[in-house]
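1. Sequence and predicted model, in that order:
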Amino acid sequence: KNQVEQSPQSLIILEGKNCTLQCNYTVSPFSNLRWYKQDTGRGPVSLTIMTFSENTKSNGRYTATLDADTKQSSLHITASQLSDSASYICVVMRMDSSYKLIFGSGTRLLVRP
Amino acid sequence: NAGVTQTPKFQVLKTGQSMTLQCAQDMNHEYMSWYRQDPGMGLRLIHYSVGAGITDQGEVPNGYNVSRSTTEDFPLRLLSAAPSQTSVYFCASSYSWGGPYNEQFFGPGTRLTVL
């Protein structure tokens, strides 16, 4: 079954600290994996997109990793800021005619001063 | 560029009422789609369109209709609202479909409550 599971469901960290969010998927065939940031009351915004041949991609303080063999990805946030408080959604695209996107339910991150 | 816009931001309906959620994009994107987001669940695809005049069903299409008469607009119609349709609705667009680097742009969402 095509699924994307994220952990933890929620996380609280202090401003300035680092954190890592996890994503495991069983989607097959695999095309690419995406991380989105969703601020409260807004639509998701793309952070990174990675194919199976890419194992690391950065976007400022955000670094995503992908292990296509174990079907795991992580999103590492460095030196967190209050503005990082949001939900982070992992999404996997199927490599078939549907190009269907399978969404995880997200990790809700709260950064406290 | 305004990107992807949605109206209204909030809406309350009574069971059985109909309404249209509006979505427009000014990026000349071919692909547009509608998702719903429910608590504790990932976004689920309702309907999508690969170009003007072409639409298809996603994974949860029941109770919804779409049409695409222009490249810019992709309205979502609720035929007879039910409490199960209480959700946040997002419209998204991308330059085309498929391909690993085809970034999707999401609108700000419409929060719908059906009483």
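-> Sure, I can see it.

2. can you tell if stretch A:67-78 touches chain B?
-> No - Stretch A:67-78 stays clear of chain B (C-beta under 8 Å from any C-beta of the partner chain), getting no nearer than 12.5 Å. Using the backbone N, CA and C atoms, a C-beta is placed for each residue, glycine as well.

3. Look up phi and psi at residue A:82.
-> The phi/psi pair for residue A:82 (degrees, to the nearest 10) reads phi -60, psi -30.

4. residues contacting it?
-> Taking C-beta atoms under 8 Å, 6 or more residues apart in numbering or on different chains, we find residue A:82 in contact with A:15, A:111, A:113.

5. between the residues you listed, which has the most around it?
-> Scoring the contacts of residue A:82 on neighbours with other C-beta atoms under 10 Å in any protein chain shown, the highest-scoring entry is residue A:111 at 20 neighbours.

6. Quick one: name the residues of chain B near chain A.
-> Going by C-beta under 8 Å from any C-beta, the residues of chain B near chain A are B:4, B:40-45, B:90, B:92, B:97-101, B:103-109.

7. again, only using 10 Å
-> Contact residues (C-beta under 10 Å from any C-beta of the partner chain) of chain B with chain A: B:3-4, B:6, B:9, B:31, B:33, B:35, B:37-45, B:48, B:56, B:58-59, B:88, B:90-92, B:96-109, B:111.

8. So among the residues you listed, which ones count as buried?
-> For the residues of chain B next to chain A, a neighbour count by 16 or more other C-beta atoms under 10 Å in any protein chain shown gives the buried set as B:4, B:6, B:31, B:33, B:35, B:37, B:42-45, B:48, B:58, B:88, B:90-92, B:97, B:100, B:102, B:104-107, B:109.

9. out of the contacts of residue A:82, which one sits closest to residue A:38?
-> Using C-beta to C-beta, residue A:111 comes nearest to residue A:38 of those, at 14.9 Å.

10. just checking, which of the residues of chain B next to chain A belong to strands?
-> Using DSSP state E, the members of those that fall in strands are B:4, B:6, B:31, B:33, B:35, B:37, B:44-45, B:48, B:56, B:88, B:90-92, B:105-106, B:111.

11. I would like the residues contacting the lowest-mean-pLDDT helix or strand in chain A, please.
-> Least confident helix or strand, chain A: strand A:101-103 with a mean of 92, by mean pLDDT, DSSP states H and E. For strand A:101-103, contacts defined as C-beta atoms under 10 Å, 6 or more residues apart in numbering or on different chains pick out A:2-4, A:6, A:25-27, A:31-34, A:36, A:44, A:89-94, B:33, B:35, B:37, B:41-45, B:58-59, B:92, B:104.

12. mind checking pLDDT for the residue lying farthest from the centre of chain A?
-> Taking C-alpha atoms, centre = their mean, the residue of chain A most remote from its mean C-alpha position is residue A:97, at 23.9 Å. What the model reports as pLDDT for residue A:97 is 71.

13. correct me, but it touches residue A:31?
-> No - between residue A:97 and residue A:31 there is no contact under C-beta atoms under 10 Å: 11.4 Å.

14. any chance of the contacts of residue A:82 in TSV, with secondary structure, pLDDT and distance to chain B too?
-> Listed next are the contacts of residue A:82 as TSV, based on DSSP: H, G, I helix; E, B strand; the rest coil; pLDDT from 0 to 100; distance: C-beta to the nearest C-beta, whole Å:
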residue	secondary structure	pLDDT	distance to chain B
A:15	coil	98	27
A:111	strand	98	22
A:113	coil	97	27
